[in-house]
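Trainee: sequence first, then the predicted structure, then my questions.
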Amino acid sequence: MPDPTSSRFLNVLAGTPSTPVPIWMMRQAGRHLPEYLELRAQAKDFLDFCYSPSMAAEATLQPIRRYDMDAAILFADILLILDAIGLDVRFEKGVGPIVETVDSESDLHRAPIEKAVQRLSPVYETVDRVRTGLSEDKALIGFCGAPWTVALYAIEGRGGTDKSTARSWAYTKPDLLKKLLALLVEASAQYLHEQVKAGADALMIFESWAEGLPSDLFQTLVIDPNAALVARLRALGVNVPIIGFPRGAATMLEAYTRQVPVNGVGLDTSIDPQHALQAVPKTMAVQGHLDPLLLIAGGEAMDARVRELLEAYKGRPHIFNLGHGVRPETPIPHVERVVELVRAGV
Ligand code: CP3
């Protein structure tokens with residue numbers, strides 16, 4: 001466990017603003033780093049990489065060594081939970097994830113939850129190794145996908161679709177969808193609890209596909225399951241801070257922050273800082289939200305936007321991050337420049 005007074009990141013999540021603000025980036029580990037590509041080439045496939053604690057721990061630590069980020073995020077994937085509950089998950093080069101789809105209720109009972117949570121034990125081993133290798137002033141973030149985002153992959157079978165099949169389920173198969181979400185709430189709560197027992201200092205729940213839902217479905221598919229997951233974690237005795245990331249929440253951001261009792265909220269690229277300032281309670285940390293494409297472009301425009309975001313959230317608990325993940329084509333010097341600007345506190 002890091003000393004609570006020495007981690008800027010944990011202080012901010014406790015509601016205390018910090019100067020300089022802490023920084024880390026979603027997908028900070030991964031293909032924009034040559035050292036990751038080298039390590040990745042040694043694994044049979046991406047799942048094998050995620051289930052190999054020595055490789056996954058090394059990948060988690062690479063961006064900390066290179067950029068001195070304030071937080072490390074566990075190297076794993078939100079889709080491991082689907083593999084653990086017994087669905088076939090593959091990652092194909094150039095295509096992305098391919099998941100065996102859920103068609104009926106019997107698909108929800110392939111593996112008992114305890115067995116699924118046990119199957120993910122290499123991930124807990126990774127957490128343990130990373131925490132041992134991190135200094136006290138750095139925090140380790142464990143994570144999972146939010147129920148709706150993970151369910152989407154189990155219904156659509158892949159990413160990059162228009163998600164209409166999954167959304168239609170809310171109208172045509174509401175009971176099956178409800179059961180799938182409830183299964184994911186329970187399995188994810190136990191999975192995150194194990195990550196915390198292994199040494200995670202904070203948790204993040206990725207609702208990457210909250211966009212485009214009518215407000216009643218945003219309530220039942222996003223807010224209610226996220227709130228249930230947080231409540232279940234607290235009931236299990238998990239007391240580390242939790243960050244929610246309702247990507248694409250748009251005008252529903254305020255409803256999310258009022259009803260999901262997270263300690264911090266990840267803002268996406270499209271949110272206007274002035275909107276965030278009034279939609280997010282003052283004691284809740286805001287995390288974000290530089291455009292990952294501006295990080296690729298770099299230059300004066302990037303510097304100006306970094307300063308603008310720092311200025312906008314001055315006096316509020318703020319963690320600097322992107323509005324979505326680092327892309328493979330991101331130049332390393334641009335990441336270094338952002339870290340330098342944030343550390344300078346301009
Ligand atoms: O640095 C980190 O952020 C830690 C590791 C991490 C990965 N995936 C590694 C990964 C995290 C936190 C995730 C979360 C994740 N995975 C999300 C939520 C965050 C987001 O981006 O919205 C989602 C939607 C996924 C599902 C997923 N995994 C997709 C759609 C893909 C293919 C697209 C792509 O970027 O390749 C993956 C594969 C994946 N997950 C890679 C990495 C580094 C690339 C695989 C490789 O190296 O071959």
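Mentor: Done, it's in.

Trainee: all contacts plus neighbour counts: C-alpha atoms, from now on.
Mentor: Noted.

Trainee: so where do the helices sit in the stretch 201-346 of the chain?
Mentor: 215-217, 224-235, 253-259, 273-279, 292-297, 299-312, 332-344 (DSSP state H, counting those that start in this stretch).

Trainee: buried stuff in the shortest one?
Mentor: Right, helix 215-217. By neighbour count on 16 or more other C-alpha atoms under 10 Å, the buried set for helix 215-217 is Leu217.

Trainee: next one: that helix to chain centre, how far?
Mentor: 23 Å (C-alpha atoms, centre = their mean, to the nearest Å).

Trainee: with the second one instead?
Mentor: Using C-alpha atoms, centre = their mean, the mean C-alpha position of helix 224-235 is found 16 Å from that of the whole chain.

Trainee: kindly provide the whole-number mean pLDDT of it.
Mentor: For helix 224-235, mean pLDDT is 98.

Trainee: now Gly15: closest residue in space, sequence neighbours ignored.
Mentor: Across the structure, with C-alpha to C-alpha, 6 or more residues apart in numbering as the measure, the residue nearest Gly15 apart from its sequence neighbours is Thr283 (5.1 Å).

Trainee: next one, pLDDT for the one you found please.
Mentor: The model's pLDDT for Thr283 equals 96.

Trainee: what's the spacing between it and the ligand?
Mentor: According to C-alpha to the nearest ligand atom, to the nearest Å, Thr283 and the ligand sit 25 Å apart.

Trainee: how about the contacts made by the residue in the chain positioned nearest to the ligand?
Mentor: Using C-alpha to the nearest ligand atom, the point where the chain gets nearest to the ligand is Arg27, with a distance of 3.0 Å. In this structure, Arg27 makes contact with 325-327, judged by C-alpha atoms under 8 Å, 6 or more residues apart in numbering.

Trainee: which one of these sits in the busiest neighbourhood?
Mentor: Of all the contacts of Arg27, the highest neighbour tally under other C-alpha atoms under 10 Å goes to Val326, namely 24 neighbours.

Trainee: list the contacts for that residue?
Mentor: 25-28, 32, 292.

Trainee: what of Gly15?
Mentor: When the contact criterion is C-alpha under 8 Å, 6+ apart, the partners of Gly15 are 263, 283-285, 317.

Trainee: could you rerun that using 7 Å?
Mentor: 283-285, 317 (C-alpha atoms under 7 Å, 6 or more residues apart in numbering).

Trainee: remind me which helix or strand it belongs to.
Mentor: Applying DSSP states H and E as the criterion places Gly15 outside every helix and strand.

Trainee: phi and psi next, for it.
Mentor: With angles defined as degrees, to the nearest 10, Gly15 shows backbone torsions of phi 100, psi 0.

Trainee: nearest spatial neighbour of Met252, chain-adjacent residues omitted?
Mentor: By the measure of C-alpha to C-alpha, 6+ apart, the closest residue to Met252 outside its immediate chain neighbours is Ser215, 7.2 Å from it.

Trainee: run a quick neighbour tally on Glu207.
Mentor: 24.
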